[in-house]
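Trainee: Return atomic coordinates for the entry below.
(2 chains)
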Amino acid sequence: MADEQDRLLPIANVGRIMKQILPPSAKISKEAKERIQECVSEFICFVTGEASDKCHKENRKTVNGDDLCWALSSLGFDNYAEATTKYLYKYRVFERERANQNKATSVEDKDEAPRFDKGVQPGKEIDTTPASLQFRVLERGRTSLAKPS
Amino acid sequence: MRQPGMYSGMLSGGGISGRTGPHLLPLARIKKIMKKSSDDVKMISGEAPIVFSKACELFIEEITRRSWMMTMQGKRRTLHKEDVASAVMATDVFDFLATLVSDSSGSSRGTPPAAALEQ
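Mentor: Numbering: from 1, shown residues only, chains lettered A, B, ... in the order given. From the prediction side, this is the model:
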């Protein structure tokens, strides 16, 4: 039973998303929700398979967000690809800012260049342009905290 | 250094933060389903389930919208699984679901038919 449910997204979550776009007076049968639950899982497998094939061809082991965005476009879900690409970009900026803050509040006196982009999670591809800005922030932090321990 | 506008904007947009909080779909479950899709899928980056949480939301919205159009064509107010099947058949990009929705017994669920009558 538990195994069965593991391959589906929770029906409550699915139902909530469905309700959000239907008129308030609309009703949804339980079977319809279940059917859409199954469709979503099939969608995940379908897109993952395509992304995984791409990684395999390129000799990469990790399926990342860009692979999924590419797969969505490749399979005809262009509008999803565009929306998720923007969403992924925002997520990366958010994570970078958060890592930035964590570094600034708990600065250790390291001589190494900031490497919080690496070693966080393998397979994450983040462009280096903002890293130079973050580097400046660290320098500022280190200077202000340059006190004898 | 916080920029509340940016974060709250993202969070209210069903965005990104911590556990499953503002996400509409559980990331851990998404990851499980991805892994089960194929033996070839071994490693998944942390951001992959996040991409899917958005993509699945869009998918559910689209398939629901299209199914509801079928419901309205039948002059009904309750969306049934047959409406989902009709929507799939009418949409090229949902071809991969054709076999799934045509399986009218839905026996793979393991749920006894009587349970479906319980609301």
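
Trainee: make it CA atoms for all contacts and neighbour counts henceforth
Mentor: OK.

Trainee: Next secondary structure after the helix or strand bottoming out on mean pLDDT in chain B?
Mentor: Across the helices and strands of chain B, mean pLDDT, DSSP states H and E gives its lowest value to helix B:4-12, namely a mean of 44. Using DSSP states H and E, the helix or strand that follows helix B:4-12 in sequence is helix B:27-37.

Trainee: Now that following helix: average pLDDT?
Mentor: Averaging the model's pLDDT scores along helix B:27-37 yields 94.

Trainee: Check whether it comes near chain A.
Mentor: Yes. Applying Cα under 8 Å from any Cα of the partner chain, one finds helix B:27-37 in contact with chain A at B:29, B:30, B:32, B:33, B:34, B:36, B:37.

Trainee: quick one: contacts of that helix?
Mentor: A:6-9, A:41, A:44-46, A:48-49, B:20, B:41-42, B:44, B:49-50, B:52-53 (Cα atoms under 8 Å, 6 or more residues apart in numbering or on different chains).

Trainee: Restricted to helices, list these.
Mentor: If you go by DSSP state H, the contacts of helix B:27-37 have A:6, A:41, A:44, A:45, A:46, A:48, A:49, B:49, B:50, B:52, B:53 in helices.

Trainee: which of those has the weakest pLDDT?
Mentor: residue A:6 (86).

Trainee: re earlier: show the buried residues in the contacts of helix B:27-37.
Mentor: Buried members of the contacts of helix B:27-37, scored by 16 or more other Cα atoms under 10 Å in any protein chain shown, are A:7-9, A:41, A:44-46, A:48-49, B:41, B:44, B:49-50, B:52-53.

Trainee: got a pLDDT number for the closest residue in space to residue B:94 that isn't next to it in sequence?
Mentor: Sequence neighbours aside, residue B:88 is the residue nearest to residue B:94 in space, at 5.4 Å (criterion: Cα to Cα, 6 or more residues apart in numbering or on different chains). Residue B:88 is assigned 97 on the pLDDT scale.

Trainee: Now the strand or helix carrying residue A:80: buried residues?
Mentor: Using DSSP H and E, residue A:80 sits within helix A:78-105. Residues A:80-81, A:84-85, A:87-88, A:90-92, A:94, A:96-97, A:100-101, A:103-104 are the ones in helix A:78-105 that count as buried (16+ other Cα under 10 Å).

Trainee: Quickly name whichever of the residues you listed is closest to residue B:80.
Mentor: residue A:80 (25.2 Å; Cα to Cα).
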